[in-house]
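Asker: Predicted model, plus sequence, below.
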Amino acid sequence: MIKILIADDHAILRQGLRHIISETTDMAVEGEAGDAAQALRLAREGRFDVVVLDVTLPDRNGLDALKLIKKEKPKLPVLMLSMHPEEHYALRALRAGASGYLNKQSAPAQLVTAIRRVASGRKYVSSTLAEELADTLSGDGNRQPHEALSDREFQTLRLIASGRTLTEIADELSLSVKTVSVYRARILEKMKLKNNAELTHYALKNGLVE
């Protein structure tokens, strides 16, 4: 029996995932978490075969939570679940140690397959993402400017484009305002942008923020 921990802050979504899993005979939801802190605690204390982890959690970014889980349980497969398109987070998640990435729109049809695959020690990616990974490895992919950003810089980019102030971003990421200012400067330099207005326009044009 594949024992699963689901970490997502939306109770209705957790219920939906639990319902999909309940229709199988070889897996069961053994734990649920509504935030990153609870997910980390349950992963640390429980015996799970797979963690289904949302990228967007209220207390901590899902990629940060992923890194913490993998640090404590390096062999525990983590399947990232997100409303964001693959091109925004999937490669970052896989580099951070995720065993797979699944868009929430695809979850009803692919969730069970994805869980079985990562539970067996393999990776789960869609055919589209597999092609992107192949292009990246061969050096043929046309990288967009934001893909050169670190995970923390990418988070900062999205928050700035969402209208957050440096102080609000510092509070959300548990950083100093000075550190966030440094990230902002790096983002502008790497992406060859002049100010927050250009940064926001880029993020909206490329679908990096809702």
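Answerer: Arrived safely.
Asker: name the element Ile4 belongs to?
Answerer: Using DSSP states H and E, Ile4 maps to strand 2-7.
Asker: Going by length in residues, pull out the top helix of the protein.
Answerer: helix 177-191 (DSSP state H).
Asker: helices and strands around that helix, which ones?
Answerer: In terms of contacts (3 or more C-beta pairs under 8 Å, 6 or more residues apart in numbering; DSSP states H and E), helix 177-191 is packed against helix 151-161, helix 166-173, helix 196-205. Every C-beta, even on glycine, is put in place using the N, C-alpha and C of the backbone.
Asker: who are the neighbours of the second one, in terms of helices and strands?
Answerer: If contacts are counted by 3+ C-beta pairs under 8 Å, 6+ apart, helix 166-173 sits against helix 151-161, helix 177-191.
Asker: Would you mind finding the most buried of these?
Answerer: helix 151-161 (a mean of 21; mean count of other C-beta atoms under 10 Å).
Asker: Kindly calculate the angle that that helix makes with helix 196-205.
Answerer: Interaxial angle, helix 151-161 versus helix 196-205 (axes from the mean of the first three to the mean of the last three C-alpha atoms, to 10 degrees): 100 degrees.
Asker: Lowest mean pLDDT among the helices and strands of this structure, which one is it?
Answerer: Lowest on mean pLDDT, DSSP states H and E among the helices and strands of the chain sits helix 127-138, with a mean of 62.
Asker: How is this protein divided into domains?
Answerer: 2-138, 145-205 (automatic domain parsing).
Asker: Please work out which of those is packed deepest.
Answerer: Comparing the domains of the chain by mean count of other C-beta under 10 Å gives domain 2-138 as most buried, with a mean of 18.
Asker: list the contacts for the nearest residue to Ala93 once chain neighbours are set aside?
Answerer: Nearest residue to Ala93, sequence neighbours excluded (C-beta to C-beta, 6 or more residues apart in numbering): Met80, at 4.4 Å. For Met80, the contact set (C-beta atoms under 8 Å, 6 or more residues apart in numbering) comprises Leu53, Asp54, Val55, Gly62, Leu66, Tyr89, Ala90, Ala93, Ala98, Gly100, Tyr101, Leu102.
Asker: Just the element for Met80, please.
Answerer: Counting by DSSP H and E, Met80 is part of strand 78-82.
Asker: What is the next helix or strand after that strand packed up against?
Answerer: Next along the chain after strand 78-82, taking DSSP H and E as the criterion, comes helix 86-95. Applying 3+ C-beta pairs under 8 Å, 6+ apart, we find helix 86-95 packed against helix 62-72, strand 78-82, strand 100-103, helix 127-138.
Asker: ok, 10 Å please
Answerer: Using 3 or more C-beta pairs under 10 Å, 6 or more residues apart in numbering; DSSP states H and E as the contact test, the elements touching helix 86-95 are helix 62-72, strand 78-82, strand 100-103, helix 127-138, helix 151-161.
Asker: Next, the angle strand 78-82 makes with it.
Answerer: 160 degrees.
Asker: Distance from helix 86-95 to the middle of the chain?
Answerer: Relative to its parent chain, helix 86-95 has a centroid offset of 7 Å by C-alpha atoms, centre = their mean, to the nearest Å.
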